[in-house]
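1. make a model of this:
(one chain, ligands or ions: 3)
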Amino acid sequence: MHNVWGKEHAHINNVWLGNSNTTVNSVLMPYFTDYNEPTPVRQYAYHCALFGDTCNLSGTLGIGALSGQTLFVAKGAIFGSDMDKVAVTYMHELGHNLSLQHGGEDDINFKPNYISIMNYLFRAYGGLIGKTGSAACDYSHYKLPDLNEGKLMESDGVDINGLTLGTGLGTAIHGKEVVPIAGAPCDFNNNGVIDTDPVEYDINGDGRINIILVGYDDWANIKYTTENSNIGKRPNSSSYSMFSSTLANSMELPECITYETYLERIKSREG
Ligand SMILES: [Ca+2]
Ligand SMILES: [Ca+2]
Ligand SMILES: [Zn+2]
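-> Ligands and ions are numbered 1, 2, ... in the order given. Presented below is the predicted three-dimensional model:
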């Protein structure tokens with residue numbers, strides 16, 4: 001990745017990011033005054049990241065346009081300006097720009113078989129489990145086997161084929177680390193034993209059990225071009241995704257703030 005440092009802007013207490021998809025983009029764009037200079041063609045390849053203090057919604061760590069070009073990182077909302085968390089948030093929001101959702105191709109969060117910085121499961125750990133430093137900050141390299149919550153094979157674990165062999169990568173089941181995951185069994189139903197018969201459990205904690213948790217290879221599917229990068233047009237993203245700061249500082253499962261929630265809160269605040 002090639003980072004180009006832009007201009008430093010005057011301090012604003014709360015960066016106002018607007019109250020609709022279109023305004024978030026149009027509010028962010030003016031900050032990037034060097035974005036179209038000296039060569040306007042930059043806009044077809046570059047992503048614009050604004051590192052601010054906080055934004056108009058407290059508790060928001062970052063916002064990234066899904067398949068868009070703008071992202072915002074609220075450094076001030078990250079306790080102690082922890083640079084690791086800033087890095088994790090930056091890469092996460094950039095991932096949204098690159099078309100990735102919290103479950104890879106879908107927005108199903110906390111999938112133990114999706115080893116990516118896009119997955120909230122790893123926010124509590126400050127990065128991928130089994131890795132330290134910058135190595136802990138990564139998109140997924142493997143499509144791990146899908147997990148059928150209605151028929152989980154504990155002896156299979158999440159990586160029966162050993163795709164992650166030698167990488168040391170791990171995951172977390174019921175708040176307990178499974179490191180490494182290659183060939184390791186998982187106690188999916190949290191009864192303390194590795195059951196031989198298939199078990200049923202809501203392992204991503206979304207209240208649903210009858211879904212397939214699909215694995216995803218981020219790197220093989222990243223979209224480097226934006227949705228609407230037509231000549232002369234700036235792309236407007238169709239949706240944004242946000243992080244809650246409570247998440248980054250807690251082991252508990254936090255609420256997942258969607259862009260719709262963001263709009264509702266802005267509306268109630270204005271009302
Ligand atoms: Ca078990
Ligand atoms: Ca579930
Ligand atoms: Zn996100």
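
2. CA only for contacts and neighbour counts going forward, please
-> Will do.

3. now the element after the strand or helix carrying residue 62, going C-ward?
-> In the assignment (DSSP states H and E), residue 62 maps to strand 60-65. Sequence-wise, the next helix or strand downstream of strand 60-65 (DSSP H and E) is strand 70-74.

4. contact partners of that next one?
-> 25, 28-29, 47-55, 60-65, 86, 89-90, 93-94, 97 (CA atoms under 8 Å, 6 or more residues apart in numbering).

5. narrow the residues you listed to those that are buried.
-> 25, 28-29, 47-55, 60-65, 86, 89-90, 93-94, 97 (16 or more other CA atoms under 10 Å).

6. tell me which residues touch residue 193, please.
-> residue 187.

7. measure the residue most central in space within the chain to residue 74 for me?
-> Nearest to the geometric centre of the chain sits residue 118, at 2.8 Å (CA atoms, centre = their mean). Between residue 118 and residue 74 the distance is 17 Å, computed by CA to CA, to the nearest Å.

8. ramachandran coordinates for the residue nearest to the centre of the chain?
-> phi -80, psi -20 (degrees, to the nearest 10).

9. read off the pLDDT value for the residue of the stretch 1-150 of the chain found nearest ligand 1.
-> Residue nearest to ligand 1 within the stretch 1-150 of the chain (CA to the ion): residue 149, separated by 12.9 Å. pLDDT, residue 149: 97.

10. where along the stretch 151-271 of the chain do the strands fall?
-> For the stretch 151-271 of the chain, the strands defined by DSSP state E, counting those that start in this stretch cover 171-173, 176-178, 212-213, 240-244.

11. rank these by pLDDT, which is bottom?
-> Taking the mean pLDDT of the strands of the stretch 151-271 of the chain, strand 240-244 comes last: a mean of 40.

12. still on that earlier bit, so which of the contacts of strand 70-74 are in helices?
-> Of the contacts of strand 70-74, the ones assigned to helices by DSSP state H are 25, 28, 86, 89-90, 93-94, 97.
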